[in-house]
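J.: Sequence and predicted model, in that order:
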Amino acid sequence: GYSIGIRLIDDFLARSDVKKCRSYSETADMIAQVAFKMYLGVTPSVSCRSAAGNEFSLILDKNPLVDFVEELPAERASLWYCNLLCGVIRGALEMVHLAAEVTFLQDRLKGDAMTEIGITFLRKPEDRKHKRN
């Protein structure tokens, strides 16, 4: 998924005509409302998980990647089938200079009530600003 994200960001920026995000919250909303809608046809809800404002959850009511998956075989029970999405998000964010840890927190294929992807931005917002001389 990471390699897909590295390549997909160029297409996203060219086709979406979005402005620069000024906060992690705007970035999470952009991922949910524009990117997921554009590429998967769904819009996850976004919730902030930390007081610092650098941890977010994307909650998918419907995950189109699992539409054609029945049940994972017992010997593959540890496989996170949709982990591809985490790699895509991480790769795309790195290409716009945003280091992030992206993990599955809950997955319907694992018996959870919902599908939830966690995004933790690894730098403070002020670390991203560059001083001009």
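T.: Thanks, I have it. Residues are numbered from 1 along each chain as shown.
J.: mind listing the strands for the chain?
T.: Using DSSP state E, the strands found in the chain span residues 45-48, 55-60, 100-106, 115-121.
J.: Residue 69: which of those is closest?
T.: Closest to residue 69 of these is strand 115-121 (C-beta to C-beta; 12.1 Å). Using the backbone N, CA and C atoms, a C-beta is placed for each residue, glycine as well.
J.: could you give the angle of that closest one to strand 55-60?
T.: Taking axes from the mean of the first three to the mean of the last three C-alpha atoms, to 10 degrees, one finds strand 115-121 and strand 55-60 inclined to each other by 160 degrees.
J.: quick one, the longest helix seen in the chain and strand 100-106 angle?
T.: The helix that spans the most residues within the chain, counting by DSSP state H, is helix 2-16. Orientation check (the same axes, to 10 degrees): helix 2-16 against strand 100-106 gives 100 degrees.
J.: Report the buried residues of stretch 11-28.
T.: The neighbour-count check on stretch 11-28 (16 or more other C-beta atoms under 10 Å) flags 12, 24, 27-28 as buried.
J.: Run through who's touching that stretch.
T.: For stretch 11-28, contacts defined as C-beta atoms under 8 Å, 6 or more residues apart in numbering pick out 30, 34-35, 38-39, 46, 48, 53-54, 56, 58, 92-93, 98, 119, 121, 125.
J.: Out of these, which end up buried?
T.: Buried residues within the contacts of stretch 11-28, defined by neighbour count using 16+ other C-beta under 10 Å: 30, 34-35, 39, 46, 54, 56, 58, 92-93, 98, 119, 121.
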